[in-house]
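K.L.:
the following comprises the amino acid sequence and a computationally predicted model.
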Amino acid sequence: MSGEFTGLERRKRAAKQKGGGMGVIGLVLGLIVAGVVTIGVGYAVWVGVTSPPVKQFERVSRDEFRKSLLGKSPEEVLKALGKPASADEPAGEDKHAMWLYTWGKTFDPVSQTTDNSMFIYFERGKVVNVRY
């Protein structure tokens with residue numbers, strides 16, 4: 001029996017010669033997990049970068065919010081709310097502009113529903129209206 005192997009020993013030796021098979025599956029699964037983690041971290045960073053830095057407006061009524069913005073310059077609005085989701089043109093002297101924000105920080109006091117978007121209207125470089 002010195003040169004012969006039992007059935008179990010033959011299977012072990014064959015698995016070692018083939019590389020096991022589980023190594024490839026483990027490698028593929030590891031790459032998939034690494035990819036999912038990388039995408040998740042990338043998304044978290046992207047959300048942190050694109051979210052507006054709204055600290056003084058946690059959740060306020062429409063009227064409170066409107067009163068806090070009326071008469072403000074574009075620079076003051078940018079400082080308070082961050083970059084808008086879209087802007088039709090720069091707001092400056094003798095120009096009309098509309099900025100769109102798409103996050104819910106205001107609510108309708110009657111229905112208590114949170115507003116998903118708001119439009120800020122500028123005329124001659126100042127906020128003249130806010131619509132929800």
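P.N.:
Received the coordinates, thanks.
K.L.:
hang on, residue 128 in a helix?
P.N.:
No: with DSSP: H, G, I helix; E, B strand; the rest coil as the criterion, residue 128 is assigned strand and is not in a helix.
K.L.:
grab the nearest non-local neighbour of it.
P.N.:
Sequence neighbours aside, residue 121 is the residue nearest to residue 128 in space, at 5.4 Å (criterion: CB to CB, 6 or more residues apart in numbering). (Each C-beta comes from the backbone N, C-alpha and C, glycine too.)
K.L.:
which SS class is the one you found?
P.N.:
strand.
K.L.:
I'd guessed it sits against residue 89; true?
P.N.:
No: the criterion here is CB atoms under 8 Å, and residue 121 misses it with residue 89 at 12.0 Å.
K.L.:
more crowded one of the two?
P.N.:
Between residue 121 and residue 89, counted using other CB atoms under 10 Å, residue 121 has the larger neighbour count: 16 against 11.
K.L.:
for the more buried one, list the residues it contacts.
P.N.:
96, 97, 98, 127, 128, 129, 130, 131 (CB atoms under 8 Å, 6 or more residues apart in numbering).
K.L.:
which among those residues end up buried?
P.N.:
97, 98, 127, 130 (16 or more other CB atoms under 10 Å).
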